[in-house]
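Q: Build me a model:
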Amino acid sequence: MATTAPRFALFRASEACDFEESGVMSQAMPTETEMTGAVAAVAAGMLEGTTVKLLFALPGISLTHAWFKSGFPLPRHTHDVDCLYYIVAGSLRIGVETLAKGDGFFVGAGVPYSYVPGADGVEVLEFRGSNSFDIKLLADNPTFWTKAVDMVAGKREAWAREVTPSAL
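A: As a prediction, this is how the structure comes out:
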């Protein structure tokens, strides 16, 4: 018997699960360069620069809250579904554009992108028309990973004192 999605549902941020544990996102096999770089960045403290929570998911829809601390080196990547981003607090630079609270952007499925959080970091809501999607890193560049590791190592102490921009 097929189950249908509820016609009404509540969710609470306090009950959100860690995004990595949610199982909604699968990762394509990284290249050797991406794997080596990511391992080095994590060892330098990269995971201390972000918090991502799955707020809500039902078949055909998901909502995620992400906080990236100042300067977090988000690798260039794609997803296999469309995503609409809304900036709750802080700012980011995407391409030559700087976006702040209340701004947002749309990224279609398969479109490569990355952004850089501003001086106070950035909090974004990610709306997707799916509760299952992938991520494919497009960071097969040793120079990116060397810079990312150096940046993370240099920011690690400051990140420990950063609070979410919406709390400022």
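Q: Okay, buried residues for the lowest-mean-pLDDT helix or strand in the chain please.
A: When each helix and strand of the chain is scored by mean pLDDT, DSSP states H and E, helix 19-22 comes last, with a mean of 90. Going by neighbour count (16 or more other Cβ atoms under 10 Å), the buried part of helix 19-22 is Phe19, Ser22. (C-beta placed from N, C-alpha, C; glycine too.)
Q: Other residues contacting it?
A: Met25, Val52, Lys53, Leu54, Ala57, Thr64, Ala66 (Cβ atoms under 8 Å, 6 or more residues apart in numbering).
Q: next SSE after it?
A: Next in sequence after helix 19-22, counting helices and strands by DSSP states H and E, comes strand 25-27.
Q: Okay, strands next: where are they in the protein?
A: 17-18, 25-27, 50-58, 61-68, 77-78, 83-94, 97-100, 104-107, 116-128, 133-137 (DSSP state E).
Q: got CSV for those strands, with distance to Val39, mean pLDDT and mean neighbour count too?
A: Shown next, in CSV, are the strands of the chain (distance: least, Cβ to Cβ, whole Å; pLDDT from 0 to 100; neighbours: other Cβ atoms under 10 Å):
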stretch, distance to Val39, mean pLDDT, mean neighbour count
strand 17-18, 20, 93, 12
strand 25-27, 14, 94, 13
strand 50-58, 16, 96, 17
strand 61-68, 20, 97, 20
strand 77-78, 17, 97, 18
strand 83-94, 26, 98, 18
strand 97-100, 31, 98, 14
strand 104-107, 26, 98, 15
strand 116-128, 22, 97, 20
strand 133-137, 13, 96, 16
